[in-house]
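Asker: predicted model and sequence follow; I will ask about them next.
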Amino acid sequence: MNTPPRTINTAALRASEPAARVRAERHATSHELARRDFLRRGLLGIAGLGLGDLLRLRAAAGNASVDTACIFVWLHGGASHLETYDLKPDAPSEFAGPFRPIHTRVPGLDVCELLPRHAQVADKFTLIRSCAHDSSCHDDGAQQILTGRRSPARQPGSTIPNQFPELGAIFKWVRRRARGGLPNYVAVPHRQEFAGAGYLGQNYEPFAVQANPNSAAFQVPNLTLAAADAGRLESRMSLLRDFDHTRRELDVRGVMDAMDSYNQEAIRLLTGDEARKAFDLSRVDPRERDRYGRSQFGQSLFLARRLVEAGVGFVHVEGRSFNDVGVTAAGDNWDDHAVNAHIFDAMRQRLPWYDQGVAALIEDIYARGLDRRVLVIVTGEFGRTPRINSQIGTVSKIMQPGRDHWPGAMSILISGGGLRMGQVIGSTTAKGEYPKDRPLRPVDLLATVYQCLGIDVHREYVDHTGRPLAILPDGQPIAELVG
């Protein structure tokens, strides 16, 4: 005999509690019903179900793709598609740069001559060349790519507020726990500043490393505990356990878990060995690290790979800061306006380090058998203007070439995740201005990523007024990748 499902008096709850708690209670009930339905069907005759039926039931029970992880590499500033993955050597001189495309192991998949290691692993990644949107500023461009939603109107001269939760925050909201006491969302060295947890709240921000993994003295701040503090920590943990015992009796549904997730995460990090092992690069074979390049970018990718291997579910890598390896031309990011740097000099300095790090990560994902459970995404907030412009550099004080913001076309690299690799999806017009065929939007990319991670994009959170919002407003997984 089935136990009748527990009901919740939502009207009473609305009168006494915030709307966010109401939605959390609703989800707790629907999740419990889905699990109960899974168990009931299993008892009625699981032997008669096909694999597709089992996977659908597992998804309903909230257990689909529980091991799939993502390394999201963010090229802050917006990397030029015309100098990396979508060169136009036959375009007029005011559009074409000085670099030439080179062939890769995949026919038709050419990359910049400064990316020779990419050419060697091209069968292990796919390029999207036809993604575009309409947000030309860093903050609203980042929010379109990371949330799939257009930003609200901004006040002149202000930064757009982070209202809609970005991809990593959604991941942490859906999947709070990693293996071995590790946080399930880590940012190396920090999260992209133009997006955030938004309506979900601060509990869904990442654990930020806040240090350069390429530093000889690399150590994650606050991950070590002085002996003098150990006694005080144990005392506070005891008080928390007593408080939790009382509180859990009153809150049997576990809705308050979200309120103390940071406390739990901090204690697990301070008292467990897994975190120290995953973040400790001092005992790693130096040759293994050398393959990624001894730059902040390369070592951030190396640390990201170690983290997903240890059980972390989502790692955001801020793909900037090449200054530590002597990149002087706008080495801190990819925002290659003429006033910032000579774009072609910047690419000559930056791309070899970028090439080494990304290629090593892709090689390792496949060599270590992680390619079906680890998805790698490399993107920025937009591409760069096809027409080259020249201005006097702020630092150089001389006339130099650059490219400005351009959301009309951009390139995105995808690797692993059990998706189809070794292909190019879409193309752009002769000057690299707009998609020529197979136009795609950021929301389509996110729909693909969420499907790969087993996250239902129809699941709802609420805004500050209590209005329910689906994770994505629309969008379809990219068939060429998932088919």
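Answerer: Noted; the coordinates are in hand. Numbers count the residues shown, from 1 in each chain.
Asker: angles on the backbone of His362, please.
Answerer: For the record, residue 362 is Ile, not His. Note on Ile362: backbone dihedrals following degrees, to the nearest 10 are phi -60, psi -40.
Asker: tally of neighbours for it?
Answerer: Other residues within reach of Ile362 by the criterion other CB atoms under 10 Å amount to 26. From N, CA and C alone the C-beta is placed, and that goes for glycine too.
Asker: and the pLDDT for it?
Answerer: Looking at Ile362, its pLDDT is 98.
Asker: tell me how far it lies from Pro407.
Answerer: Using CB to CB, to the nearest Å, one obtains 26 Å as the distance from Ile362 to Pro407.
Asker: ok, now Leu446?
Answerer: Using CB to CB, Leu446 is found at 16 Å from Pro407.
Asker: more neighbours, those two?
Answerer: Here Leu446 and Pro407 are compared on neighbour count by other CB under 10 Å; more neighbours surround Leu446, at 26 against 21.
Asker: mind listing what Phe99 touches?
Answerer: Contacts were defined as CB atoms under 8 Å, 6 or more residues apart in numbering; by that measure Phe99 touches Glu83, Leu87, Cys112, Glu113, Leu114, Phe344, Met347.
Asker: weed out the non-buried ones from those.
Answerer: Glu83, Leu87, Cys112, Leu114, Phe344, Met347 (16 or more other CB atoms under 10 Å).
Asker: among the residues you listed, which are in helices?
Answerer: Using DSSP state H to define helices, the subset of the buried ones among the contacts of Phe99 located there is Phe344, Met347.
Asker: in a markdown table, list the contacts of Phe99 along with distance to Val73.
Answerer: Formatted as a markdown table, the entries for the contacts of Phe99 read as follows, by distance: CB to CB, whole Å:
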| residue | distance to Val73 |
| --- | --- |
| Glu83 | 17 |
| Leu87 | 21 |
| Cys112 | 17 |
| Glu113 | 21 |
| Leu114 | 18 |
| Phe344 | 23 |
| Met347 | 17 |
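Asker: same list (those) but as a markdown table, adding pLDDT.
Answerer: Shown next, in a markdown table, are the contacts of Phe99 (pLDDT from 0 to 100):
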| residue | pLDDT |
| --- | --- |
| Glu83 | 98 |
| Leu87 | 98 |
| Cys112 | 98 |
| Glu113 | 98 |
| Leu114 | 98 |
| Phe344 | 97 |
| Met347 | 96 |
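Asker: of the residues you listed, which belong to strands?
Answerer: Taking DSSP state E as the definition of strands, the contacts of Phe99 contribute Cys112.
Asker: out of the contacts of Phe99, who's nearest Ser135?
Answerer: Lowest distance from Ser135 to the contacts of Phe99 (CB to CB) belongs to Glu83, with 21.4 Å.
Asker: quick one: the closest one and Pro98 touch, right?
Answerer: No - if you go by CB atoms under 8 Å, Glu83 and Pro98 don't touch, sitting 9.2 Å apart.
Asker: could you tell me which residues touch both of these two?
Answerer: When CB under 8 Å, 6+ apart defines a contact, the residues bordering Glu83 and Pro98 alike are Phe344.
Asker: which ones are touching the closest residue to Leu472 other than its chain neighbours?
Answerer: Counting by CB to CB, 6 or more residues apart in numbering, Leu472 lies nearest to Val457, which is 4.2 Å off, once chain neighbours are set aside. With contact set as CB under 8 Å, 6+ apart, Val457 has these partners: Leu446, Ala447, Tyr450, Gln451, Ala470, Ile471, Leu472, Gly475.
Asker: what is the burial count for the closest residue to the last one other than its chain neighbours?
Answerer: Leaving out its chain neighbours, the residue that sits closest to Gly475 by CB to CB, 6+ apart is Val443, at 3.3 Å. Using other CB under 10 Å as the criterion, Val443 is surrounded by 21 other residues.
Asker: now name the helix or strand holding Val443.
Answerer: For Val443, the element it lies in under DSSP states H and E is helix 442-453.
Asker: helices of this protein, residue ranges please.
Answerer: Defined through DSSP H, the helices belonging to the chain, from first to last, are 10-16, 19-45, 51-60, 116-120, 138-147, 167-174, 227-250, 261-271, 273-279, 286-290, 296-310, 343-367, 442-453, 479-482.
Asker: which residues touch the last one?
Answerer: Contacts to helix 479-482, defined as CB under 8 Å, 6+ apart, come from residues Thr126, Ile414, Leu419, Arg420, Gln423, Ile425, Arg438, Thr448, Gln451, Cys452.
Asker: count of neighbours near the fifth one?
Answerer: I take that to be Gln423. Around Gln423 there are 18 other residues, counting by other CB under 10 Å.
Asker: now the fourth one
Answerer: Around Arg420 there are 15 other residues, counting by other CB under 10 Å.
Asker: if I look at it, what pLDDT would I see?
Answerer: At Arg420, the predicted lDDT confidence score is 98.
Asker: wait, it sits on Thr126?
Answerer: Yes - at 6.8 Å, Arg420 and Thr126 qualify as touching, with contact defined as CB under 8 Å.
Asker: save the contacts of Val457 as a markdown table, and put in pLDDT too.
Answerer: As requested, the contacts of Val457 are exported to a markdown table (pLDDT from 0 to 100):
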| residue | pLDDT |
| --- | --- |
| Leu446 | 98 |
| Ala447 | 98 |
| Tyr450 | 98 |
| Gln451 | 97 |
| Ala470 | 97 |
| Ile471 | 98 |
| Leu472 | 98 |
| Gly475 | 97 |
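Asker: now the two most distant members of those residues.
Answerer: For the contacts of Val457, the maximum inter-member distance is 14.3 Å, found between Gln451 and Ala470 (CB to CB).
Asker: from Pro89, how far off is Val209?
Answerer: For Val209, the distance to Pro89 (CB to CB) stands at 40 Å.
Asker: more neighbours, those two?
Answerer: Neighbours per residue, other CB under 10 Å: of Val209 and Pro89, the larger number sits with Val209, 25 against 12.
Asker: could you check how far that one is from Val220?
Answerer: Distance of Val209 to Val220, given as CB to CB: 6 Å.
Asker: which residues do those two both contact?
Answerer: The contact sets of Val209 and Val220 overlap at Phe279 (CB under 8 Å, 6+ apart).
Asker: quick check, Ala338 in contact with Ser390.
Answerer: Yes - under the contact definition of CB under 8 Å, Ala338 touches Ser390, with a separation of 5.6 Å.
Asker: so between these two, which is more surrounded?
Answerer: Residue environment comparison for Ala338 versus Ser390 gives the larger neighbour count to Ala338, 21 against 13, counting by other CB under 10 Å.
Asker: show me the contacts for that one.
Answerer: Contact partners of Ala338, counting by CB under 8 Å, 6+ apart, are Asn389, Ser390, Gln391, Ile392, Gly393, Gln400, Pro401, Gly402.
Asker: do Arg179 as well
Answerer: When contacts are counted by CB under 8 Å, 6+ apart, Arg179 touches Glu274, Ala310, Gly311.
Asker: the last one reaches Gly180, doesn't it?
Answerer: Going back to what we said before, that points to Gly311. Yes - Gly311 is within contact range of Gly180, at 5.4 Å (criterion: CB under 8 Å).
Asker: neighbour count: these two, which is higher?
Answerer: For Gly311 against Gly180, the residue with the higher neighbour count under other CB under 10 Å is Gly311, and the figures read 18 against 14.
Asker: distance of the more buried one from Gly418?
Answerer: From Gly311 across to Gly418, the span is 18 Å (CB to CB).
Asker: before we move on, what about Leu82?
Answerer: With CB to CB as the criterion, Leu82 and Gly418 are 31 Å apart.
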